[in-house]
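In: Build the 3D model from these lines:
(one chain, ligands or ions: 2)
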Amino acid sequence: MKVKILDTTLRDGEQTPGVSLTPYEKLEIAKKIDELGVDIIEAGSAITSKGEREAIKMIVKENLNAEICSFVRALKVDIDAALECEVDSVHLVVPSSPIHIKYKLKKSEDEVLKTATDAVEYAKDHGLIVELSAEDATRAKEEFLIELFNRGKEAGADRCCICDTVGVLTPQKAERLFKNISEKVDLPIAVHCHNDFGMATANTCSAIFAGAVEAHVTVNGIGERAGNAALEEVVTALKFLYNIDTNVKLEKLYEVSRFVAKMMKLPVPFNKAIVGDNAFAHEAGIHVDGLIKNTETYEPIKPEMVGNRRRIILGKHSGRKALKYKLDLMNIEVSEEELNKIYEKIKELGDLGKYISDTDLLAIVREVKGSGIEEKIKLDELTVVSGNKITPIASVRLHYRGENRHLIETAYGVGPVDAAINAVRKAISGVADIKLEEYSVKSIGSGTDAIVEVKVKLRRGSEVVEVVKSDADIIKASVNAVMEGINLLLL
Ligand SMILES: CC(=O)SCCNC(=O)CCNC(=O)[C@H](O)C(C)(C)COP(=O)(O)OP(=O)(O)OC[C@H]1O[C@@H](n2cnc3c(N)ncnc32)[C@H](O)[C@@H]1OP(=O)(O)O
Ligand SMILES: CC(=O)C(=O)O
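Out: Ligands and ions are numbered 1, 2, ... in the order given. Predicted structure coming up:
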């Protein structure tokens with residue numbers, strides 16, 4: 001049997017402090033998450049605001065494959081708001097620990113049980129699927145949870161959920177708790193874990209192993225405080241470590257991760273499991289040598305399985321085999337002597353604490369080989385006009401040395417950098433199909449005259465290059481980075 005995935009990126013994920021989405025953004029994310037193959041999308045909490053209801057209504061109207069769910073408190077007003085949005089189901093949350101019952105709700109346990117069953121009955125009477133969720137269940141009394149779920153079942157609840165609201169579960173406690181509850185409650189059980197101690201994925205997997213049949217997750221593990229169990233981690237750990245399947249299309253994980261990161265303006269950490277850019281990146285010479293011989297030596301799964309890719313990074317820890325491999329990928333031929341010289345330079349730069357980008361490597365190769373490799377396209381002229389009464393516009397003149405002709409183009413953009421890069425992309429469009437996949441900028445130092453570091457990722461077919469360029473002028477740094485990347489891809 002496949003484990004169900006409830007994706008709560010649009011509810012608990014959007015509760016990430018500082019994040020809020022427009023209805024249109026929520027709809028776009030819901031469509032992407034649906035394509036991924038999740039079973040249930042918790043699209044939001046209908047009571048939250050007018051915009052939230054508009055978003056949930058738009059998502060419902062899209063007729064996605066997934067069941068569309070709204071978070072509700074055990075309150076008629078919340079359920080009515082969910083009904084107004086015409087969702088399929090409600091995630092009906094009831095505080096269950098003594099601390100929540102006494103201090104937050106200021107009620108007795110009996111009052112909470114009555115409120116919960118009344119709410120379940122009300123939702124069922126109005127045709128909703130009901131997932132009855134115990135908030136802070138991992139600090140609740142087990143007898144209370146069993147009573148809550150069994151009364152909920154009598155009132156018509158379709159499934160129940162144990163929430164580790166403040167992330168205090170351990171895999172051992174999860175195994176015992178979920179086994180115990182599933183023996184005493186005749187409802188499908190879901191698990192909802194938070195990551196306060198970095199245990200959310202492990203706890204979710206343990207709960208599933210012990211009988212839970214549905215996992216609540218968010219893309220990139222975003223959510224309240226330290227976040228929720230990460231979708232990409234849970235589904236891949238279940239598949240590759242527990243041999244348990246879900247309906248999630250694993251090869252789409254990286255793409256969806258980046259889409260959500262962009263929409264939520266929450267960058268994915270480099271070392272994020274599965275979808276981080278370093279998840280399949282290797283610098284250490286011994287590792288790269290092993291990988292060249294057999295990728296299983298240092299990769300538990302192939303990066304393509306999750307839509308990610310392998311990156312070989314050169315630096316202080318590189319070996320000669322890594323260098324040769326990287327040069328082969330870049331179609332650069334070198335003699336044994338040249339290889340050794342390039343290798344020594346890389347070690348020197350590494351000792352100075354420098355990261356060796358693809359363009360740094362190219363510069364070293366040029367230096368070692370003399371004029372052996374030259375730029376195919378050179379920037380001759382760049383003009384950018386921007387202001388408060390003009391749509392930013394840029395013009396470029398490039399010298400295509402390969403055919404000794406000039407490429408001249410103009411383009412608009414949302415800002416001067418966008419306009420300049422659009423003009424370069426337009427100018428080279430007749431030469432090669434090169435896509436700008438990522439662009440990021442960071443300031444080194446403070447002040448309006450600070451140096452900015454621009455990082456771009458460009459793709460031509462299956463070839464990808466990353467270039468980092470710095471300058472005090474953000475437009476120059478951006479265009480130089482794109483030009484260097486284009487030249488690398490035209491080698
Ligand atoms: C663990 C979680 O992630 S829980 C989900 C958290 N999500 C959200 O909070 C969604 C966004 N929230 C909001 O927009 C607002 O808080 C609203 C619209 C839900 C409520 O706003 P307000 O009416 O101003 O209430 P406020 O947020 O100040 O207080 C929450 C109230 O809900 C009560 N409450 C909290 N959880 C529940 C519950 N599951 N069932 C019933 N009542 C609850 C609290 O006791 C408090 O009631 P009180 O005013 O009688 O003390
Ligand atoms: C319901 C929920 O989001 C929690 O208890 O963490």
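In: Which residue does the protein have closest to ligand 1?
Out: With CB to the nearest ligand atom as the measure, Arg73 is the residue of the chain nearest to ligand 1, at 3.3 Å. In short, each C-beta sits where N, CA and C put it, glycine included.
In: Next, Leu458: secondary structure please.
Out: Secondary structure state of Leu458, per DSSP: H, G, I helix; E, B strand; the rest coil, is strand.
In: From Val3, how far off is it?
Out: Shown here: Leu458 relative to Val3, a distance of 38 Å by CB to CB, to the nearest Å.
In: and if you look at Glu121?
Out: Computed as CB to CB, the Glu121 to Val3 distance reads 29 Å.
In: got it, and Ala46?
Out: When CB to CB is applied, the distance between Ala46 and Val3 equals 27 Å.
In: Residue numbers of the protein in contact with ligand 1?
Out: Within the chain, the positions adjacent to ligand 1 are 12, 15, 45, 47-48, 73-75, 93-95, 104-105, 135, 165, 224 by CB under 6 Å from any ligand atom.
In: Recalculate using a threshold of 5 Å.
Out: Where proximity means CB under 5 Å from any ligand atom, the interface of the chain facing ligand 1 comprises Ser45, Ile47, Thr48, Arg73, Ala74, Leu75, Val93, Leu105.
In: Let's see which of those end up in strands.
Out: By the criterion of DSSP state E, membership of the residues of the chain next to ligand 1 in strands covers Arg73, Val93.
In: Make a ChimeraX selection of the buried ones in the residues of the chain next to ligand 1.
Out: Of those, the buried ones can be selected in ChimeraX as follows, counting by 16 or more other CB atoms under 10 Å:
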select :45,47,48,73,74,93
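In: Contacting ligand 2 as well, which ones from the residues of the chain next to ligand 1?
Out: Checking the residues of the chain next to ligand 1 against ligand 2 by CB under 5 Å from any ligand atom, the ones in range are Val93.
In: quick one, domains of this structure?
Out: According to the TED database, the chain is divided into the following domains: 4-264, 281-369, 377-490.
In: out of those, nearest to Ala273?
Out: domain 4-264 (5.1 Å; CB to CB).
In: chain center to the closest one, what's the gap?
Out: Between the centre of domain 4-264 and the centre of its host chain there is 19 Å, according to CA atoms, centre = their mean, to the nearest Å.
In: Ok, stretch 352-359 next?
Out: Per CA atoms, centre = their mean, the centroid offset for stretch 352-359 relative to its chain is 26 Å.
In: how about the nearest residue to Ile40, chain neighbours excluded?
Out: Leu6 (4.1 Å; CB to CB, 6 or more residues apart in numbering).
In: and that neighbour, that one's in a strand?
Out: Yes - Leu6: assigned to a strand according to three-state DSSP.
In: burial measure for it, as a count.
Out: Taking other CB atoms under 10 Å as the neighbour definition, Leu6 ends up with a count of 26.
In: bridging residues for it?
Out: Ile40, His216 (DSSP bridges).
In: Local confidence estimate at the closest residue to Glu14 other than its chain neighbours?
Out: On the basis of CB to CB, 6+ apart, the spatially nearest residue to Glu14 that is not a chain neighbour turns out to be Leu21, at 5.9 Å. Reading off the confidence values, Leu21 has pLDDT 97.
In: how much space between Leu21 and Val87?
Out: Plainly put, Leu21 is 17 Å away from Val87 if you go by CB to CB.
In: about what we covered before: any idea whether the residue nearest to Glu14 is helix, strand or coil?
Out: coil.
In: Now do the contacts for it.
Out: Leu10, Glu14, Ile29, Ala55, Met263, Met264 (CB atoms under 8 Å, 6 or more residues apart in numbering).
In: Which one of the residues in the stretch 351-491 of the chain is closest to ligand 2?
Out: Distances between the stretch 351-491 of the chain and ligand 2 by CB to the nearest ligand atom are smallest at Ser440, namely 31.0 Å.
In: Now for Ala427, how many residues are close by?
Out: Look at Ala427: counted by other CB under 10 Å, it has 23 neighbours.
In: tell me the SS of it?
Out: Per three-state DSSP, Ala427 ends up helix.
In: Disregarding residues adjacent in the polypeptide, which is nearest to Glu283?
Out: Nearest to Glu283 is Ile313, by CB to CB, 6+ apart, at 4.3 Å.
In: tally of neighbours for the one you found?
Out: Close neighbours of Ile313, defined as other CB under 10 Å, add up to 19.
In: Hmm, it is touching Ala281, no?
Out: Yes - shown here, Ile313 and Ala281 form a contact pair, counting by CB atoms under 8 Å, at 5.6 Å.
In: buried residues in stretch 110-127?
Out: For stretch 110-127, the neighbour count (16+ other CB under 10 Å) marks Val112, Leu113, Thr115, Ala116, Thr117, Ala119, Val120, Glu121, Tyr122, Ala123, Lys124 as buried.
In: contacts for it?
Out: Taking CB under 8 Å, 6+ apart as the rule, stretch 110-127 contacts 72, 74-76, 79, 82-83, 90, 92, 94-96, 101, 105, 107, 130, 132, 147-148, 151-152, 154-157.
In: Please apply the same query to stretch 100-108.
Out: Pro95, Glu109, Glu111, Val112, Thr115, Glu135, Asp136.
In: Name the residues of the stretch 101-250 of the chain found near ligand 2, please.
Out: The interface of the stretch 101-250 of the chain toward ligand 2, taken as CB under 5 Å from any ligand atom, is made up of Glu135, Cys163, Thr165.
In: these two touch, right, the last one and Ser133?
Out: No - the pair Thr165 and Ser133 fails to qualify as a contact (CB under 8 Å) at a distance of 9.8 Å.
In: out of those two, which sits in the more crowded spot?
Out: When neighbours are counted by other CB under 10 Å, Ser133 comes out ahead of the other of Thr165 and Ser133, with 29 against 25.
In: That one - nearest residue in space that isn't next to it in sequence?
Out: Distances taken as CB to CB, 6+ apart put Cys161 closest to Ser133, at 3.9 Å, once the chain neighbours are dropped.
In: just Lys153 next, same as before
Out: Distance criterion CB to CB, 6+ apart; nearest residue to Lys153, sequence neighbours excluded, is Leu187 at 5.3 Å.
In: Which other helices and strands does the strand or helix carrying Leu382 contact?
Out: Leu382 is located in strand 377-387, with elements delineated by DSSP states H and E. Contact here means 3 or more CB pairs under 8 Å, 6 or more residues apart in numbering; DSSP states H and E; on that basis strand 377-387 packs against strand 390-400, helix 416-428, helix 474-489.
In: for the helix or strand hosting the residue of the stretch 351-491 of the chain closest to ligand 2, packing partners?
Out: Element membership of Ser440 [criterion: DSSP H and E] is strand 435-444. Helices and strands touching strand 435-444, by 3+ CB pairs under 8 Å, 6+ apart, are helix 416-428, strand 451-460, helix 474-489.
In: okay, now Ile444: neighbour count?
Out: 10.
In: Good, wrapping up.
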